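1. Following is a predicted model, sequence given first.
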Amino acid sequence: QVQLVEAGGGLVQAGGSLRLSCAASGRTFSSSSMGWFRRAPGKEREIVAVISWSGRSTYYADSVKGRFTISRDNAKGTVYLQMNSLKPEDTAVYYCAASSRYGDRVVEEYKYDYWGQGTQVTVSS
C-alpha cells in the first residue's frame, strides 16, 4: 500500500515558478515509477512528467518540456515537480501517482495504481 500527499500548489502570475512535492509512504516507493499528471477544467487528465525508480530516466509532455523538472529523493520518499515559466494554460489540479508494478519510466496512465488527492495550481495572466 502506498499513500501519496501532494503539497506546493497555489496561485502564481504567468512567468512565475512553483515547486510541487509528493510525500509517499509505503515500502514500494523506492522501486516505483512516479508520475505527475494534471487535469485542467473541462479537460481529460493528462500526463505531465514521469521518473523511473532510480531517477535516471524521465519523460516530459511536450507542453512542459524545458520548463518543468521532475526529480525524486528516495531516502525522503518524495518526488518533486519544479515548474518554471508558468503559463495560464498550466492551470490545473496536479496529481502525483505511483506504479507498484513498474519501476522503469512508464507513461501509460493505467499503469499507475496509487494517486494523491491533488493540488490546485492557478496561473494568472
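-> On my side now, so go ahead.
2. hang on, E6 packs against Q120?
-> No - the criterion here is CB atoms under 8 Å, and E6 misses it with Q120 at 9.8 Å. C-betas here are computed from N, CA, C, even on glycine.
3. So between these two, which is more surrounded?
-> Neighbour count, other CB atoms under 10 Å: between E6 and Q120, E6 has more, with 22 against 12.
4. check contacts around that one.
-> 20-22, 94-96, 116-119 (CB atoms under 8 Å, 6 or more residues apart in numbering).
5. how about a cut-off of 10 Å?
-> When contacts are counted by CB atoms under 10 Å, 6 or more residues apart in numbering, E6 touches 20-23, 36, 79, 81, 93-96, 115-120.
6. Over to A23?
-> Counting by CB under 10 Å, 6+ apart, A23 makes contact with 3-7, 29, 76-79, 96, 116.
7. what about the residue nearest the centre of the chain, helix or strand, and which?
-> With distances taken as CA atoms, centre = their mean, W36 lies nearest the centre of the chain, 2.1 Å away. Assigned by DSSP states H and E, W36 belongs to strand 33-39.
8. Quick one: list the elements packing against that strand.
-> Other helices and strands packing on strand 33-39, by 3 or more CB pairs under 10 Å, 6 or more residues apart in numbering; DSSP states H and E, are strand 18-25, strand 46-51, strand 58-60, strand 68-73, strand 78-83, strand 92-99, strand 114-115.
9. What separation do you get for the residue nearest to the centre of the chain and Y59?
-> Distance of W36 to Y59, given as CB to CB, to the nearest Å: 10 Å.
10. which ones are touching the nearest residue to T58 once chain neighbours are set aside?
-> Take T58 and drop its neighbours on the chain: the residue closest to it by CB to CB, 6 or more residues apart in numbering is I51, 5.0 Å away. By CB under 10 Å, 6+ apart, I51 lies in contact with 32-36, 57-59, 69-72, 79-81, 105.
11. If we use 7 Å, what do you get?
-> When contacts are counted by CB atoms under 7 Å, 6 or more residues apart in numbering, I51 touches 34, 58, 70-72, 79, 105.
12. Among these, pick out the one closest to E46, please.
-> I70 (14.7 Å; CB to CB).
13. any idea how far Y112 is from L18?
-> Distance from Y112 to L18, by CB to CB: 22 Å.
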